[in-house]
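> Pasted the sequence and its predicted model underneath.
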Amino acid sequence: MTTEKPAAGPGPFTAHAYGAAFLPRLFRLAGAYWSSQERWKVRALTLALVLCVLTQVMIAIWTNLWFADFFDALE
């Protein structure tokens with residue numbers, strides 16, 4: 001009975017597999033999306049997403065501060 005070892009080399013999720021060209025390729029792909037004919041719609045949707053995320057973070061912070069005051073009052 002022989003046990004085969006996996007071949008040495010980069011796996012599919014290592015930094016070497018993506019290579020140094022990952023970010024330029026990402027920006028080239030995203031740049032085409034951002035400069036398409038629907039760029040204003042894309043920018044509006046991105047702005048809406050950022051505003052939703054910021055609102056969610058603000059609500060989480062406010063809730064934590066409120067609970068801190070609440071639990072301090074219980075002590």
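Nice, thanks for sending it over. Residues are numbered from 1 along each chain as shown.

> Can you get me a residue count around residue 20?
For residue 20, the count of nearby residues is 8 (other Cβ atoms under 10 Å). Where you see a C-beta, it was placed from the backbone N, CA and C, and this is true even at glycine.

> where does it land in three-state SS?
Under DSSP: H, G, I helix; E, B strand; the rest coil, the three-state class of residue 20 is coil.

> Please, which helix or strand holds residue 58?
Element membership of residue 58 [criterion: DSSP states H and E] is helix 39-74.

> distance between that helix and the chain's centre?
16 Å (Cα atoms, centre = their mean, to the nearest Å).

> What is that helix packed up against?
Here helix 39-74 is seen to pack against helix 22-34 when contacts are counted using 3 or more Cβ pairs under 8 Å, 6 or more residues apart in numbering; DSSP states H and E.

> Output the helix it packs on as CSV - backbone C-alpha positions only.
Taking Å, rounded to 0.1, in the frame of the first residue of the first chain, the C-alpha atoms of helix 22-34 are listed here in CSV:
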residue,chain,number,x,y,z
PHE,A,22,-4.5,40.6,-9.2
LEU,A,23,-5.1,44.2,-8.2
PRO,A,24,-4.4,45.7,-11.7
ARG,A,25,-6.8,43.1,-13.2
LEU,A,26,-9.4,43.9,-10.6
PHE,A,27,-9.1,47.6,-11.2
ARG,A,28,-9.3,47.1,-15.0
LEU,A,29,-12.5,45.0,-14.6
ALA,A,30,-14.1,47.4,-12.1
GLY,A,31,-13.0,50.4,-14.2
ALA,A,32,-15.0,49.1,-17.1
TYR,A,33,-18.0,48.8,-14.9
TRP,A,34,-17.5,52.3,-13.4
